[in-house]
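Enquirer: here you go, sequence then predicted model.
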Amino acid sequence: MSAVYLVLLLLPLISAQTFHWGPCPNPAVQPGFNVEKYLGKWYEIEKLPASFERGKCIEANYALRKDGTIRVLNSQFYKDKVRTAEGTAVIPDMREMAKLGVSFSYFTPYSPYWVLTTDYTSLAVVYSCTDILRLFHVDYAWILSRSRFLPAETVRYAKQLLVREGIDISRMKATDQNCKDI
């Protein structure tokens with residue numbers, strides 16, 4: 001099967017994602033990343049489109065398990081109810097602590113979850129990218145906060161960092177964090 005046919009077959013599957021021709025960029029990650037300081041609740045402020053995140057009031061909670069893996073509990077309000085997804089994060093290479101892998105199923109491999117920057121108390125910028133035969137890549141990016149809202153200048157800083165690292169943010173959208181009616 002030619003590569004063109006393969007791409008045409010895969011396009012409907014990734015239509016709600018952000019894809020680009022060529023291999024994934026290789027952005028720098030947080031030096032000296034401390035996973036224990038990163039644990040806890042983070043709210044999604046902005047993101048590149050993701051088919052698994054269509055609701056509002058999206059948040060992620062990270063907790064260390066006894067076996068050393070990290071429990072990931074994502075939640076969102078979608079179609080009139082709170083929906084959750086539980087996964088596992090691991091650090092495959094202890095020399096690069098900010099390059100985690102996350103999976104939400106026993107049947108899927110770990111996807112990259114790279115912490116590009118964080119101050120642990122207010123802001124985190126996370127990137128994930130998967131190459132498809134090095135012909136194109138599907139990427140995700142998140143701007144996260146410890147509170148439901150971030151100052152505009154902090155969001156601008158996060159977006160500038162993504163752009164400097166070669167990540168296209170033209171499809172980035174704000175997440176609705178107005179959750180009074182839930």
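Expert: It's in.
Enquirer: so what pLDDT did Gln17 get?
Expert: Per-residue pLDDT puts Gln17 at 63.
Enquirer: likewise for Cys179?
Expert: Model confidence at Cys179 (pLDDT) stands at 86.
Enquirer: and Arg146, by the same measure?
Expert: Looking at Arg146, the pLDDT reads 98.
Enquirer: longest helix in the chain, please.
Expert: For the chain, the longest helix by residue count, based on DSSP state H, is helix 152-164.
Enquirer: now do the buried residues in stretch 73-81.
Expert: Asn74, Ser75, Gln76, Phe77 (16 or more other Cβ atoms under 10 Å). C-beta here means a position set from N, CA and C on the backbone, and glycine is covered the same way.
Enquirer: go on, stretch 88-102?
Expert: Thr88, Ala89, Ile91, Met97, Ala98, Lys99, Leu100, Gly101, Val102.
Enquirer: nearest to Leu48, of these?
Expert: Among the buried residues of stretch 88-102, Val102 lies closest to Leu48 (Cβ to Cβ), at 15.7 Å.
Enquirer: assign that closest one to helix, strand or coil.
Expert: The three-state label given to Val102 by DSSP: H, G, I helix; E, B strand; the rest coil is strand.
Enquirer: would you map the helices across this protein?
Expert: 3-10, 35-38, 152-164.
Enquirer: before we move on, back to that, give me the distance from the longest helix of the chain to the chain's centre.
Expert: How far helix 152-164 lies from its chain's middle: 15 Å, per Cα atoms, centre = their mean, to the nearest Å.
Enquirer: so which elements touch that helix?
Expert: Packing partners of helix 152-164 (3 or more Cβ pairs under 8 Å, 6 or more residues apart in numbering; DSSP states H and E): strand 40-47, strand 111-118, strand 123-132, strand 136-145.
Enquirer: farthest-separated two in the buried residues of stretch 88-102?
Expert: So, the buried residues of stretch 88-102 by Cβ to Cβ: farthest apart are Thr88 and Ala98, at 17.3 Å.
Enquirer: quick one: which of the helices and strands packed on helix 152-164 is nearest Thr175?
Expert: strand 40-47 (4.5 Å).
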